[in-house]
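J.: Mind looking at a prediction? Sequence and model below.
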Amino acid sequence: MDEDEILGYVTAYLKKKGFKQTEKVFQEESQQNKSSSSSNTPLEPDIANHLLAFSQLENGPGRYHNGYSRLRTWTYSSLDLYRHELLRVLYPVFIHCFMDLVAKGHIQEARNFFNTFREDHELMHLRDIQKLEGVLSPTHLKEMEFAHSLRQSKFNIKICEYSYELLLQHLHSTQSTTILGIVNEHINFQVTSGQPSLISDDPEAVTLIGSSQEAANQTNQKEIHWGLLEDSLEERLEKAGALLSDSEKGDGETKEGENDESKKRSIEVGKQGSSVKKIKKDKGGSATGKSAKPEVSTVSAAPRVKPELPLPTIPTEVEHSILEDLRNRVQLSSAALPSVSFYTFINTHNGLSCSSISHDGSLVAGGFSDSSLKIWDMAKLGQQPSSSLSQGDNDTAQNEQTLGKSDGKRQYTLFQGHSGPVYAASFCPVGDFLLSSSADSTVRLWSTKLNANLVCYKGHNYPVWDVQFSPMGHYFASCSHDRTARVWSMDRIQPLRIMAGHLSDVDCVQWHANCNYIATGSSDKTVRLWDVQSGECVRVFVGHRGMVLSLSMSPDGRYMASGDEDGTIMMWDLSSGRCVTPLVGHTSCVWSLAFSSEGSILASGSADCTVKLWDVNTSTKVSRIEEKNGNANRLRSLKTLPTKSTPVNALRFSRRNLLFAAGALVKNV
């Protein structure tokens with residue numbers, strides 16, 4: 001080691017420590033020694049080794065381990081008041097320390113660092129940790145989409161002002177230049193005034209914002225009309241209030257699940273919460289009539305918008321059917337929870353891919369991995385099979401999904417046509433049509449009256465993960481592995497609109513109550529809202545930590561709920577594009593979401609074999625207050641309904657507010 005190298009190391013050390021005066025004196029003395037000394041004097045070996053060790057420590061891989069270890073120790077030993085917010089910083093620093101080590105070629109040190117500290121983050125970020133585990137070289141960082149997006153993005157972290165000052169003071173006092181550099185480059189702090197948060201794992205507090213965040217913010221500035229349709233059935237019922245008193249005489253209305261053809265003809269399931277709220281029929285005609293008007297005024301607060309699509313007309317018998325259901329609707333609240341009818345598929349041998357329930361619960365469909373689609377009529381279960389179903393009676397194979405006694409005959413209608421697993425099914429509002437999507441990249445339309453396939457819609461290039469009828473029928477939307485969502489009409493074999501913009505698979509799709517928008521959830525951890533008429537994206541919702549698997553729109557069209565693979569549910573305000581509140585409670589994937597007919601209750605079905613009921617009114621009204629008070633009561637679960645061993649993959653509220661659920665029994669091995 002020559003003298004110039006030594007001078008460089010010492011000067012760098014003094015500069016790093018901020019000893020400006022000492023650095024100046026040292027440089028002056030070194031210049032004098034150079035001029036007075038005619039030959040270079042060899043340096044003692046011990047001093048050379050110390051200087052070399054310092055150089056390697058400051059520039060080598062050990063600085064990442066030491067810097068993160070110090071930050072971790074300090075964070076966990078902080079006061080309880082600030083610890084929860086400071087813990088949010090550890091995960092971004094951890095993954096970027098690891099990726100920096102890999103990028104610089106220190107593979108072994110990176111693996112040691114990763115394995116040493118990974119347990120700290122597995123509870124909240126297990127899926128991300130498993131993905132990063134496969135990064136073994138600098139090439140992997142460039143080729144892996146997830147790692148590349150992390151390198152190009154910033155973490156947005158909410159933190160109070162005092163916690164932020166404590167963090168900076170610690171990093172400066174310990175001279176953690178490596179950690180400071182990572183924080184400066186990869187973390188964007190959103191400093192807030194007031195008391196620190198008491199939750200470290202708040203999904204809304206730590207979000208990943210990409211380079212396109214500015215474009216997303218511009219997108220969210222677009223105007224959307226989230227209200228209900230003008231001249232809708234609900235609005236006509238409100239104006240013609242006399243219809244209520246005329247039909248409030250009878251006490252013998254049909255109950256849920258009866259085989260009433262007219263009752264099957266539900267039209268506006270997405271808008272059912274906006275309709276006139278009626279009191280139970282057992283309260284008497286006069287009381288109902290008096291309470292109808294004030295309740296109408298509360299519901300009609302939702303604005304009215306014009307439809308952008310030509311919508312089908314509503315048959316007269318359907319209007320009468322909806323009116324009857326509205327009169328018999330049970331008013332739900334935190335004190336009056338819904339009754340639940342659960343359909344369990346048995347002996348499926350893990351073959352059930354999806355299930356769907358008609359709007360009145362009279363029909364249940366199941367899609368299977370053997371490419372078959374089967375429909376059960378609840379009114380015919382348990383009857384003698386003399387009037388057996390028309391299709392597939394020559395199939396002598398033992399039925400694995402029979403509910404009730406079969407006596408050698410099938411109790412379901414078998415639909416065959418797909419050439420791959422059936423991933424989604426959707427009943428039309430009237431109940432006489434059924435859509436199914438499959439791994440064969442097609443969507444098929446079936447008639448439940450004719451028991452036949454009517455149309456095969458081809459347009460997607462890869463498996464179609466989800467398909468949903470619009471609230472008015474006739475139109476439907478599909479989404480696929482090809483990263484697009486498409487809007488179709490029943491009478492055309494080509495899509496009307498193609499929505500492209502997601503960075504990964506589009507896993508779920510949902511219609512807005514007024515049919516002017518569709519929402520899509522994706523594996524890129526975002527939810528997008530699309531204008532059906534223009535095909536443009538009008539909202540981008542960022543905040544989920546896992547792929548989005550389920551969506552549901554509130555009946556008034558103002559809010560949207562989305563569930564992800566980590567078990568988190570987020571409630572969004574469509575007008576502002578902001579998260580109203582996260583609902584945390586599930587321990588596995590949220591596969592299905594459903595709002596009650598008036599929008600006061602949200603039901604969620606999960607792979608953790610539970611159905612949870614959430615208080616929507618509380619969630620949307622007091623979240624901001626609680627946020628200022630430290631989010632002490634973020635969890636607003638009203639009730640958890642466990643199944644024996646049945647993951648819940650389908651939920652639906654009827655117009656009368658009976659909750660239907662379905663899933664396949666999984667035997668514990």
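T.: Cool, got the structure.

J.: So His418: helix, strand or coil?
T.: The three-state label given to His418 by DSSP: H, G, I helix; E, B strand; the rest coil is coil.

J.: and Phe653, backbone torsions?
T.: The phi and psi values for Phe653, taken as degrees, to the nearest 10, are phi -90, psi 130.

J.: just Gln169 next, same as before
T.: When read as degrees, to the nearest 10, the backbone of Gln169 gives phi -60, psi -40.

J.: and if you look at Glu143?
T.: Here is the backbone geometry of Glu143 (degrees, to the nearest 10): phi -90, psi -30.

J.: Report how many residues lie close to it.
T.: For Glu143, the tally of surrounding residues (other CB atoms under 10 Å) stands at 11. (C-beta placed from N, C-alpha, C; glycine too.)

J.: repeat for Leu86
T.: 22.

J.: That one falls within a helix, correct?
T.: Yes. Remark: Leu86 belongs to a helix, assigned using three-state DSSP.

J.: Figure out the helix or strand that the nearest residue to it once chain neighbours are set aside lives in.
T.: Using CB to CB, 6 or more residues apart in numbering and skipping residues adjacent in sequence, the residue nearest Leu86 is Thr75, 4.7 Å away. Using DSSP states H and E, the element containing Thr75 is helix 62-76.

J.: what do you get for Ile375?
T.: strand 372-377.

J.: repeat for Leu166
T.: Going by DSSP H and E, Leu166 is part of helix 161-173.

J.: list the helices and strands that helix packs on?
T.: Applying 3 or more CB pairs under 8 Å, 6 or more residues apart in numbering; DSSP states H and E, we find helix 161-173 packed against helix 62-76, helix 80-86, helix 177-186, strand 187-192.

J.: Which strands or helices does the longest helix along the chain pack on?
T.: In the chain, ranked by residue count with DSSP state H as the criterion, the top helix is helix 20-36. When contacts are defined as 3+ CB pairs under 8 Å, 6+ apart, helix 20-36 sits against helix 3-17.

J.: All the helices of the stretch 101-250 of the chain, residue numbers only.
T.: For the stretch 101-250 of the chain, the helices defined by DSSP state H, counting those that start in this stretch occupy 107-117, 122-132, 138-143, 145-152, 161-173, 177-186, 213-219, 233-239, 242-246.

J.: For the last one, give the mean pLDDT please.
T.: Predicted confidence along helix 242-246 averages 40 (mean pLDDT).

J.: Then the fifth one?
T.: The predicted model gives helix 161-173 an average pLDDT of 89.

J.: Buried residues, stretch 587-595. List them.
T.: Cys589, Val590, Trp591, Ser592, Leu593, Ala594, Phe595 (16 or more other CB atoms under 10 Å).

J.: ok, and what's touching it?
T.: Stretch 587-595 is contacted by residues 273, 549-555, 561-569, 601-608, 616, 647-653, 659, 661 when judged by CB atoms under 8 Å, 6 or more residues apart in numbering.

J.: So among those, which ones count as buried?
T.: 273, 549-555, 561-569, 601-608, 616, 647-653, 659, 661.

J.: Sitting in strands, which of the residues you listed do you find?
T.: Counting by DSSP state E, these place 549-553, 561-564, 568-569, 601-606, 650-653, 659, 661 in strands.

J.: for the stretch 501-650 of the chain, which spans come out with low pLDDT?
T.: Along the stretch 501-650 of the chain, the model assigns pLDDT under 70 to residues 619-635.

J.: Pull up the pairing partners for the strand holding Ile375, direction included.
T.: Strand pairing for strand 372-377, using DSSP bridges, gives strand 363-368 (antiparallel), strand 412-416 (antiparallel).

J.: among these, which is the most enclosed?
T.: Across the strands paired with strand 372-377, averaging neighbours per residue (mean count of other CB atoms under 10 Å) puts strand 363-368 on top, at a mean of 24.

J.: May I have that strand as PDB, with CA atoms only?
T.: Extracted C-alpha coordinates of strand 363-368, given in PDB (Å, rounded to 0.1, in the frame of the first residue of the first chain):
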ATOM      1  CA  LEU A 363     -80.100 -22.200  -9.100                       C
ATOM      2  CA  VAL A 364     -76.500 -23.000  -8.200                       C
ATOM      3  CA  ALA A 365     -73.800 -23.600 -10.800                       C
ATOM      4  CA  GLY A 366     -70.400 -25.200 -10.300                       C
ATOM      5  CA  GLY A 367     -67.500 -25.100 -12.800                       C
ATOM      6  CA  PHE A 368     -65.000 -28.000 -12.600                       C
END
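
J.: what's the spacing between it and its chain's center?
T.: Taking CA atoms, centre = their mean, to the nearest Å, one finds strand 363-368 lying 24 Å from the centre of the chain it belongs to.

J.: Can you get me a residue count around Thr192?
T.: Thr192 has 17 nearby residues by other CB under 10 Å.

J.: Check the spacing between it and Asn112 real quick.
T.: Thr192 sits at a distance of 37 Å from Asn112 (criterion: CB to CB, to the nearest Å).

J.: If I look at the residue nearest to Val102 when sequence neighbours are not counted, what pLDDT would I see?
T.: Of all residues not flanking Val102 in the chain, Ala110 sits nearest, at 4.8 Å (CB to CB, 6+ apart). Per-residue pLDDT puts Ala110 at 89.

J.: got it, and Asn66?
T.: pLDDT for Asn66: 89.

J.: just to revisit the earlier point, could you tell me which residues within the longest helix of the chain count as buried?
T.: Glu23, Ser30.

J.: can you pull up the bridge partners for the closest residue to Lys374 other than its chain neighbours?
T.: Residue nearest to Lys374 in three dimensions, not counting chain neighbours: Tyr412, with 4.5 Å by CB to CB, 6+ apart. When bridges are called by DSSP bridges, Tyr412 pairs up with Trp376.
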